[in-house]
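In: Sharing a model that was predicted from the sequence below.
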Amino acid sequence: MTSTLIVGGSHIDITVESGAMAVPQADIIAWVQMAAESVAGYYGRYPVPHLTLRIIPFNGHGVRHGMTWGMHGGLIKIGLGSETTHAQLMNDWMMTHEMIHLAFPSVADEHHWIEEGISTYVEPIARIRASHMKEEEMWTDLVRDMPKGQPQAGDEGLDRTHTWGRTYWGGALFCFDADVEIRRRTQNKKGLQDALRGILDAGGDITNDWELVKALKIGDKATGSTVLTDLYNQMKDHPVTVDLGEKWKQLGIEWDGTVIHLRDDAPEAAIRRAITGAELPAHNAASSPTAVLAGRKRSSQRVL
């Protein structure tokens, strides 16, 4: 089955390879649409003009093995379990994670942490802003998982330590620290979102190979700060431990072991709300591109 979604001026060609599915075609399209609109809402537009999306069935439940490349203008391959339910599909995060990869330039292998870190950090924020996730759920996940990104014994900085924790959560920790610091320096007028939009608008999508320093400087220019460059210089080849406990306290995020409590009387509660868009108009719908199903056909041929 092949379908095409149009998001703003971008085309997403969706091919589902042959295999039995528990969910109908309409649910698969809705799943892709939710992710595409979340990403387009965060970045102000869909990251690339054309995406080829291949969905590969496997036996079982869930979404697995998402991978994204810059070839053919943007290519995502992702596995979908044949027994996946509607609820599981609508609660998936991986499609959004993979689409966010489209919005940053390809960098050298030692900087893989920034690519995974951006997708790990931005994914829940994009979904919250599109009303596909609750704010409390995101902060619960970050309080639980962000410590996985802290340096451990023998760490040599983000560019030199390529463990799973430092690649995904170390990169996310860099993004979170940068987001808060940009907002502090700009009196909460700018954030990481502005930096990432600036990079994308300067041509920094996955189809282009850039030096990381170039991307960070462009992001800094978009926020009128030097936060990204400064933080990179600190973390690239030295283990830097972030005081997460103090950050949670300042942002008004309290974890009692079971439930997250968000305190609006905390010193930097306004920064916390700005990160997730809590003070934006409902859904920020006026500026979020919507997806339209442009065409549909059935074919025995595989794309690519």
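Out: Sure thing, it's come through.

In: Would you map the strands across the chain?
Out: Per DSSP state E, the chain carries strands over the ranges 2-7, 10-16, 50-58, 63-69, 75-81, 253-255, 260-262, 291-297.

In: among those, which gets the worst mean confidence?
Out: When the strands of the chain are compared by mean pLDDT, strand 291-297 comes last with a mean of 56.

In: give the contact list for residue 115.
Out: By Cβ atoms under 8 Å, 6 or more residues apart in numbering, residue 115 lies in contact with 101, 104, 106, 107, 171. Backbone N, C-alpha and C define where each C-beta goes, glycine included.

In: Return the member of these nearest to residue 3.
Out: Within these, the smallest distance to residue 3 is 21.5 Å, found for residue 101 (Cβ to Cβ).

In: Distance-wise, check the closest one relative to residue 66.
Out: 9 Å (Cβ to Cβ, to the nearest Å).

In: Settle it for me: which of these two has more neighbours?
Out: The neighbour comparison of residue 101 against residue 66 (other Cβ atoms under 10 Å) goes to residue 101, with 23 against 19.

In: Report the contact partners of the more buried one.
Out: So residue 101 contacts 68, 115, 119, 206 (Cβ under 8 Å, 6+ apart).

In: Which of the residues you listed ranks first by neighbour count?
Out: residue 119 (27 neighbours).

In: My read is that that one contacts residue 100, right?
Out: Yes: Residue 119 is within contact range of residue 100, at 4.3 Å (criterion: Cβ atoms under 8 Å).

In: who touches both of the two?
Out: In contact with both residue 119 and residue 100: no residue, using Cβ under 8 Å, 6+ apart.

In: thinking again about what came up before, select from the contacts of residue 101 every entry located in helices.
Out: Members of the contacts of residue 101 lying in helices (criterion: DSSP state H): 115, 119.

In: Quick check: the two most widely separated of the contacts of residue 101?
Out: Once Cβ to Cβ is applied, the contacts of residue 101 give 119 and 206 as the farthest pair, at 11.1 Å.

In: okay, now residue 17: neighbour count?
Out: 13.

In: tell me the contacts of it?
Out: Residue 17 neighbours (Cβ under 8 Å, 6+ apart): 54, 55, 56, 57, 302.

In: Redo the residues you listed as TSV? Include neighbour count and distance to residue 75.
Out: Putting the contacts of residue 17 into TSV (neighbours: other Cβ atoms under 10 Å; distance: Cβ to Cβ, whole Å) gives the following:
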residue	neighbour count	distance to residue 75
54	18	7
55	21	12
56	15	13
57	16	18
302	11	13
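
In: Just give me the closest of those to residue 134.
Out: residue 55 (26.6 Å).

In: Bridge partners for the closest one, pull those for me.
Out: Note on residue 55: beta-bridge partners by DSSP bridges are residue 16, residue 78.

In: Run through the residues that contact it.
Out: 14, 15, 16, 17, 28, 78, 79, 80.

In: before we move on, what about residue 112?
Out: 162, 167.

In: Could you measure from it over to residue 167?
Out: According to Cβ to Cβ, residue 112 and residue 167 sit 6 Å apart.

In: thinking residue 218 is in contact with residue 197, fair?
Out: No: assessed by Cβ under 8 Å, residue 218 is found out of contact with residue 197, at 10.5 Å.

In: Looking at those two now, which is surrounded by more residues?
Out: Using other Cβ under 10 Å, the more surrounded residue of residue 218 and residue 197 is residue 218, with 20 against 17.

In: Now do the same for that one: its pLDDT.
Out: So, for residue 218, pLDDT stands at 98.

In: contacting residues for it?
Out: Applying Cβ under 8 Å, 6+ apart, the residues near residue 218 are 198, 199, 202, 204.

In: before we move on, back to that, now, which of the contacts of residue 17 sits nearest residue 275?
Out: Of those, the one sitting nearest to residue 275 (Cβ to Cβ) turns out to be residue 55, at 31.2 Å.
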